[in-house]
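Student: 3D model of this:
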Amino acid sequence: MAETQQEQIGKLKGDEFVSKAYTLFEEFKSAYESEWSRLEQNDRFYLGQHWDDMQVTDSELAKPMTPVINSTVENLKADLADNFPQAIVQPEAPEDQVIADIVGALIRQNHDSSNYRREYMMYVHDILVGGYGVQEVGYDATANRNIGAAFIRYVNSHNILFDPQVTDFQLGRGVFKIMPQTLTYLESRYPDYAGKFAQDTFSLKEDNELTYDQTKSILMIEFWFKEWIEEGDTGHWAVHMAQMAGRQLLADSREEKPEGYFSMGEYPFIITPLFRRKNSCLGYGIPDLFGDTQKYSDKLDQIVLKNAALSAHNKLLNGKGSGFDTWDLQDWSKDVHEGNDPSLVTWMQTPPLPNYIIAESGAMRQTIKEESGANDFSRGNTASGVTAASAIAALQEMSSKRSRMIAMAIWEDYKTCVRYEIEFEREFNVLPREVLLTVNGQQVTATFESAIMERQSAFGNGEIPIEFMISIKVERENKFTTTAHNELVLQMVQLGVLTPAQALELMVFEGKEQMLSRTVQQGPSPEELAMMQAQEQQAALDQQIANLPQPMGGANAVDISGSAPVTAVQ
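Tutor: Got it, this is the predicted structure:
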């Protein structure tokens, strides 16, 4: 069987490997030219700069812009921020629950120390504007003061290239991450290559406002590729990573880990498309669907403004037989003008536009909001008379289907990220780490070591990994949903279904953990003590009744529990 291009490039070394890698990069780059143009156009729609892409015959015409796409994207980002995910790690076996709790606490600690919320919001922005977001999972040995930690990191969609020939990028020939670095940095970081870096023929697009001398920077390329490693009659894929700049090979993971950078053998990236594209792992964004509508509505606004400007500048018609001097009529300082026929002097006004043209612009913008899911209810605007938090939450729930669908896709990919993160902690963790667990409302310290995620095989032939299941909990709801939830809990307390302590555990508010801890330290309230004493007394009475001898049957036998007389069976 002929070797695939993945197998071939994985077996190359040195200059031959660099040449092959740069040839593949040029192929990917050529395919991505139109994709980069699309991403830049979508960015201009988001920033309201789409007039730069529209042909305007008169340069003096106004270029109005109502930021409907911008506000739509920001509203959806706010919805997805409310649905920020938090991983709940669950074991496959009940006896591993404590280990799962420790691993879950470790994941939360990783995300807190790496400020994953910031990474999440940039990732969501790329999904909505560019049409897809990319995340990378890895392990940073220098994190936590060189203790090490796994991470989930946002990757700029402008700076990563996947194989354009495949739909599933995991089956592709490689993945390229690119980022310009200054020559000063590269020569300081890699002094052995000083003066050897070749100038690139390609550079990333500069910032809209800032420019720089691109001859003083080199494109840093991080090339991920796979190699097929045979093991008898079978084998497996090994993923490797090489760093290159200026056609120099700076690092190659095969030197230290020839068996593969990660044992899982997969590229450590996850792509989340918004509107999936056929035969591609990428997607389309909000501007791709509603960009034309934004342009047409702004063009109508331009027509309306032009009409308003013409209406404000009336024209004077002076007939030849009027006898009035045209220049004399333009002199507004004169009170008297001489002429023969004033009926030949008239004003000409620009007729107003039809009402349907003015209304059409607003209808187009409303269409963008409605069809994208950024309508009034999802924004928190409700009709007069709707004041109950539960009613507002219900209306928002019905109106936010679009953002819920996006959140579901994000959560599924987030689960994959967390699974990778757990595997990297299992594979790379060396030093023990302390994590905090909440047990019965109190925080306790536990120690994480990668060894706790292994157990002895039931057959006694070595250790096997403990597998975990990942579920998602929304960390923070919006205020209307939270208020509606708390109202329901309080109603259950009033009905006697829940005790105040149980209600406290179910309610959602800031400072809940501190309140639970204080409640545990203070002990039960007087009301709870009275209820507990009553329950104990009733239990003691029931036990005494159960211990009494049963009465003999008779016509007038009496039930000792206090119920009505029972007639004995003859």
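Student: can you give me the strands in the stretch 201-350 of the chain?
Tutor: Remark: strands assigned in the stretch 201-350 of the chain by DSSP state E, counting those that start in this stretch are 217-231, 234-245, 248-252, 269-273, 275-276, 283-284, 315-318, 345-348.
Student: In a markdown table, list these along with distance to Gln41.
Tutor: Just so you know, the C-beta spots here come from the backbone N, C-alpha and C atoms, and that holds for glycine as well. As requested, those are exported to a markdown table (distance: least, Cβ to Cβ, whole Å):
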| stretch | distance to Gln41 |
| --- | --- |
| strand 217-231 | 23 |
| strand 234-245 | 30 |
| strand 248-252 | 34 |
| strand 269-273 | 18 |
| strand 275-276 | 16 |
| strand 283-284 | 12 |
| strand 315-318 | 41 |
| strand 345-348 | 42 |
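Student: out of those strands, nearest to Ala87?
Tutor: Closest to Ala87 of the strands of the stretch 201-350 of the chain is strand 269-273 (Cβ to Cβ; 14.0 Å).
Student: hang on, the earlier thing: out of the strands of the stretch 201-350 of the chain, nearest to Leu80?
Tutor: When the strands of the stretch 201-350 of the chain are ranked by distance to Leu80, counting by Cβ to Cβ, first place goes to strand 269-273 at 11.2 Å.
Student: what packs against the closest one?
Tutor: The helices and strands touching strand 269-273, judged by 3 or more Cβ pairs under 8 Å, 6 or more residues apart in numbering; DSSP states H and E, are helix 116-130, strand 132-140, helix 401-428.
Student: still on that earlier bit, right, so of the strands of the stretch 201-350 of the chain, which gets closest to Lys415?
Tutor: Go through the strands of the stretch 201-350 of the chain one by one with Cβ to Cβ and the one that ends up closest to Lys415 is strand 269-273, at 9.8 Å.
Student: what is the mean pLDDT for the closest one?
Tutor: Taken as a whole, strand 269-273 has a mean pLDDT of 96.
Student: what do you get for stretch 533-550?
Tutor: Averaged across stretch 533-550, pLDDT comes to 74.
Student: hmm, which helix or strand of the chain has the shakiest average pLDDT?
Tutor: Counting by mean pLDDT, DSSP states H and E, the weakest-scoring helix or strand in the chain turns out to be helix 389-399, with a mean of 49.
Student: Adding mean pLDDT, write the helices and strands packed on strand 269-273 out as JSON lines.
Tutor: JSON lines is the format used below for those (pLDDT from 0 to 100):
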{"stretch": "helix 116-130", "mean pLDDT": "96"}
{"stretch": "strand 132-140", "mean pLDDT": "96"}
{"stretch": "helix 401-428", "mean pLDDT": "90"}
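Student: Make JSON lines out of the ones you listed and add distance to Val18 and mean neighbour count.
Tutor: Written out in JSON lines, the entries for those read as follows (distance: least, Cβ to Cβ, whole Å; neighbours: other Cβ atoms under 10 Å):
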{"stretch": "helix 116-130", "distance to Val18": "30", "mean neighbour count": "21"}
{"stretch": "strand 132-140", "distance to Val18": "23", "mean neighbour count": "22"}
{"stretch": "helix 401-428", "distance to Val18": "28", "mean neighbour count": "19"}
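Student: May I see the ones you listed organised as CSV, with distance to Glu227 added?
Tutor: Conversion of those to CSV gives the following (distance: least, Cβ to Cβ, whole Å):
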stretch, distance to Glu227
helix 116-130, 29
strand 132-140, 19
helix 401-428, 18
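Student: Of those, which is nearest Gln294?
Tutor: Closest among these, using Cβ to Cβ: helix 116-130, at 13.0 Å.
Student: Would you mind pulling up the elements that that closest one packs against?
Tutor: On a contact count with 3+ Cβ pairs under 8 Å, 6+ apart, helix 116-130 meets helix 14-47, helix 68-82, strand 132-140, strand 149-155, strand 269-273, helix 286-311, helix 401-428.
Student: Nearest to Ser361, out of those?
Tutor: Put simply, out of the helices and strands packed on helix 116-130 the one that sits nearest Ser361 is helix 286-311, at 4.1 Å, with distance taken as Cβ to Cβ.
Student: Sort out which residues of that closest one are buried, please.
Tutor: 286-291, 293-295, 297-302, 304, 307 (16 or more other Cβ atoms under 10 Å).
Student: Report the angle between it and helix 68-82.
Tutor: Compare the direction of helix 286-311 with that of helix 68-82 by axes from the mean of the first three to the mean of the last three Cα atoms, to 10 degrees and you get 140 degrees.
Student: Great, nothing more from me.
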